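# Sequence and predicted structure below; questions after.
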Amino acid sequence: MSKQSKTFRMADVVLLTVLLVGFLIFFFFTHQNKSEGYVEVFKDGKLVLTLVQDGRYELKTEEKHIMDIVFEKGKVRVENSDCPLKICEKTGSVGPNGVIVCIPNKVVVRFVGKSKVDVMTW
């Protein structure tokens, strides 16, 4: 084997390594778990909150605490609701185009965003 032939093999390995590392970096930055959307909270049919950043938000009226809404990692959920059956809490976390409804409190929490899924069935 000539020295030039071995150099081309080493260059091929280096080139493939660079391409692989570039692909992994591209994949990592384009597929991060970012929330692509926002959350709308309706009380009695009126928009009362719009959530765009991750965090814990308290929904309350002048008289009482209604519930805590947690928006994190591209999902939204309800905690500490004062309704009797806690169905809104049991709904769990929902992602883009998901809805949580609390009928006793007349609250609708809707995640507005683009989903990665076209159709969902139960």
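Okay, I see it.
# Given the helix or strand hosting residue 110, what are its sheet partners and their directions?
Assessed by DSSP states H and E, residue 110 sits inside strand 107-113. Partner strands and pairing direction for strand 107-113 (DSSP bridges) are strand 37-43 (antiparallel), strand 99-102 (antiparallel).
# Reformat those as CSV; add mean neighbour count and distance to residue 14.
C-beta coordinates here come from the backbone N, C-alpha and C atoms, glycine included. Formatted as CSV, the strands paired with strand 107-113 follow (neighbours: other Cβ atoms under 10 Å; distance: least, Cβ to Cβ, whole Å):
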stretch, mean neighbour count, distance to residue 14
strand 37-43, 18, 42
strand 99-102, 19, 52
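# Kindly present those as CSV, with separate columns for mean pLDDT.
Formatted as CSV, the strands paired with strand 107-113 follow (pLDDT from 0 to 100):
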stretch, mean pLDDT
strand 37-43, 93
strand 99-102, 96
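# can you list the weak-confidence ranges in this structure?
Within the chain, the segments meeting pLDDT under 70 span 1-8, 30-35, 115-122.
# Looking at the strands paired with strand 107-113, spot the one closest to residue 21.
Closest to residue 21 of the strands paired with strand 107-113, according to Cβ to Cβ: strand 37-43, at 31.5 Å.
# tally of neighbours for the closest residue to residue 40 other than its chain neighbours?
With sequence-adjacent residues excluded and distances taken as Cβ to Cβ, 6 or more residues apart in numbering, residue 40 is closest to residue 110, at 4.9 Å. Using other Cβ atoms under 10 Å, residue 110 is surrounded by 19 other residues.
# longest single helix anywhere in the chain?
helix 3-30 (DSSP state H).
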